[in-house]
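**Q** sequence and predicted structure, then a few things I'm wondering about:
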Number of protein chains: 2
Amino acid sequence: MLGQSDDAGACCPGLLTAPLDEDQAVELAKVFKALGDPVRLRLLSMIASRSGGEVCVCDLTPAFDLSQPTISHHLKLLRQAGLIDCERRGTWVYYWLVPETTDRLAGILTRPAGEPLPEGTAPAGAAS
Amino acid sequence: MLGQSDDAGACCPGLLTAPLDEDQAVELAKVFKALGDPVRLRLLSMIASRSGGEVCVCDLTPAFDLSQPTISHHLKLLRQAGLIDCERRGTWVYYWLVPETTDRLAGILTRPAGEPLPEGTAPAGAAS
DNA sequence: ATCTTGCATCGACAGCTATCAATACAGCCG
DNA sequence: CGGCTGTATTGATAGCTGTCGATGCAAGAT
């Protein structure tokens, strides 16, 4: 959902250096929207911090005061955003991080070092 | 809203290396939620890519097929998320990026390079 | 085959959100 | 002063989203 299709040239200049076109913005927004929920952020961090690589849903669900279908729903959204992936193994389902996606986001949010900021933060240059 | 107070120790280990606690997740989610809309992403990129530092609202509004109040609303959300800031100068209002916030997000999404992805199990991220 | 457990899907509902038209406010100009 | 322009706020509304209980499906256990 983010860079698995033909993103020729979309390597990562994005967001902070050039205006996004609408299609790119729509795609990116899906991923950020998936991150825009505390439950999903915690799920993602629980999954990602298992550098063992994977977590069983049965380890995730009890960490929240939410019903099992709700957790399942959030996991689905994270998966549709390309942030995680999963596999059934016997009775259990295991989830793991897709680091390419988070790497991509990090790149998109990283401002090219050489960018000369006006002066701190508030460019109150034009003093009338 | 994100790191302008005392985030002692919260430098950036976040998200991918250790499970987020709920308060952190709630705070972070606000920022990601602000990014979870195509219009706001385009606004942010238009503002950020002006490394001159600032953009007049009057330059932003006509770039969208949306009413002026809607654009104003989106700008307000971006500002509340700490992603941009603004200043009135005469008749016009100018917005600029708050790079600290995007830097923080980039750091949060950046996985410590040395993290050895296991491969015995499933994470067939790119290989296979 | 049947029961049991783990997870996903379905349908419903409350709360939030993006959008607009109308209006208010701030500053310039005459 | 009164009018004009650029932004923000308000109020209303359609659509989306997070949540749950109920149900369905997969796979191991009996």
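**A** Sure, I can see it. Numbers count the residues shown, from 1 in each chain, chains lettered A, B, ... in the order given.
**Q** show me what contacts residue A:17?
**A** A:111, A:112, A:115, B:48, B:49 (CB atoms under 8 Å, 6 or more residues apart in numbering or on different chains). Every residue, glycine included, has its C-beta placed from N, CA and C.
**Q** up against DNA strand C, what does chain A have?
**A** Applying CB under 7 Å from any atom of the strand, we find that chain A lies next to DNA strand C at A:56-58, A:61, A:68-69, A:71-73, A:75-76, A:86, A:91-93, A:128.
**Q** out of the residues you listed, which sit inside strands?
**A** Assigned to strands by DSSP state E, the following of these qualify: A:56, A:86, A:92, A:93.
**Q** residues touching residue A:47, list them.
**A** Taking CB under 8 Å, 6+ apart as the test, what residue A:47 contacts is A:54, A:55, A:60, A:84, A:95, A:96, A:97.
**Q** buried subset of the residues of chain A next to DNA strand C?
**A** Of the members of the residues of chain A next to DNA strand C, the ones counted as buried by neighbours, 16 or more other CB atoms under 10 Å in any protein chain shown, are A:57, A:61, A:71, A:75, A:86, A:93.
**Q** so of the contacts of residue A:47, which ones are in helices?
**A** Mapping these onto helices (DSSP state H) picks out residue A:60.
**Q** going by residue numbers, what spans are strands in chain A?
**A** Applying DSSP E to chain A gives strands spanning A:55-56, A:84-89, A:92-97.
**Q** dump the ones you listed to a markdown table, plus distance to residue A:15 and mean pLDDT.
**A** Formatted as a markdown table, those follow (distance: least, CB to CB, whole Å; pLDDT from 0 to 100):
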| stretch | distance to residue A:15 | mean pLDDT |
| --- | --- | --- |
| strand A:55-56 | 30 | 97 |
| strand A:84-89 | 22 | 97 |
| strand A:92-97 | 22 | 98 |
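**Q** of those strands, which is nearest residue A:25?
**A** Closest approach to residue A:25 among the strands of chain A (CB to CB): strand A:84-89, 22.8 Å.
**Q** could you dump the closest one to CSV, C-alpha only?
**A** Output of strand A:84-89 as CSV, limited to C-alpha atoms (Å, rounded to 0.1, in the frame of the first residue of the first chain):
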residue,chain,number,x,y,z
ILE,A,84,2.6,-5.4,9.6
ASP,A,85,2.0,-8.8,8.1
CYS,A,86,0.8,-12.1,9.5
GLU,A,87,0.7,-15.8,9.1
ARG,A,88,-1.4,-18.5,10.6
ARG,A,89,0.6,-21.3,12.2
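**Q** show the contacting residues for the residue lying closest to residue A:103 once chain neighbours are set aside.
**A** Nearest non-adjacent residue to residue A:103, counting by CB to CB, 6 or more residues apart in numbering or on different chains: residue B:111, 7.2 Å away. Going by CB under 8 Å, 6+ apart, residue B:111 touches A:48, A:99, A:102, A:103, B:16, B:17.
**Q** fine by me, we can end here.
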